[in-house]
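Give me a 3D structure for the following:
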Amino acid sequence: MLAEWKHCPRCGAHVEVEGRKVHCGACGYTQYESSSPTASAVLVDGSGRVLLARRAIDPERGKWDLPGGFLESGEHPLDGLRRELREETGLDVDPVRFFGVWMDVYGESGEATLNLYWVCRADGEPYAADDVDEVRWFAADELPTDGELAFTVNALVLAAWRDQQA
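Next up is the predicted model:
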């Protein structure tokens, strides 16, 4: 992510890329490369099905995704989880328990992501909104194949969820 930096965002001087950090010799500013945090839901209904959302945008347009997304700067992960689910599905979710952390990359940029997942419940009927063009409930034995899922992380999270259902 930092490899393309040429100038310091503080003073405008030329910067040196040093591995996974950028350093400005003029003002001393240093920026370290880090993973971008996300918050997502394994949203389960009363029948034990999980909600997936079909992506309406790139990367991975047309593939199934667990609803969620990138956290805003300074945003608490649970606030980001609730915001993303409301934006994408129209639902106000209730996080039941923390499910786990998985690493992945986002799109062709190779941006590293730190993905936080919660098992959630919600009342109401979901609908596709924001960057989603369809939402659908899936039983553990009806989940899309890995090739139909967006991002490597979704297959890993859904496999862990499915294993817990067995």
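
only C-alpha atoms for contact and neighbour calcs from this point on.
OK.

So, low pLDDT: which residues of this structure?
Across the chain, nothing is flagged by pLDDT under 70.

same thing but at 80, please
In the predicted model, the chain carries pLDDT under 80 at residues 1, 166.

Could you break it into its assigned domains?
The chain is divided into the following domains under automatic domain parsing: 1-33, 36-165.

can those domains go into CSV with extra columns for mean neighbour count?
Compiled in CSV, the domains of the chain are given as follows (neighbours: other Cα atoms under 10 Å):
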stretch, mean neighbour count
domain 1-33, 14
domain 36-165, 17
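
where exactly do the helices run in this structure?
77-89, 151-165 (DSSP state H).

Can you tell me which of those helices is nearest to residue 135?
Comparing the helices of the chain against residue 135 with Cα to Cα, the closest turns out to be helix 77-89 (7.4 Å).

on contacts alone, who are the packing partners of that closest one?
strand 36-43, strand 68-70, strand 93-106 (3 or more Cα pairs under 8 Å, 6 or more residues apart in numbering; DSSP states H and E).

That one to strand 36-43, inter-axis angle?
If you take axes from the mean of the first three to the mean of the last three Cα atoms, to 10 degrees, helix 77-89 sits at 60 degrees to strand 36-43.

so helix 77-89 versus strand 93-106, what angle?
Using the same axes, to 10 degrees, one finds that helix 77-89 and strand 93-106 are set 90 degrees apart in direction.

chain center to helix 77-89: distance?
Distance, stretch centre to chain centre, for helix 77-89: 11 Å (Cα atoms, centre = their mean, to the nearest Å).
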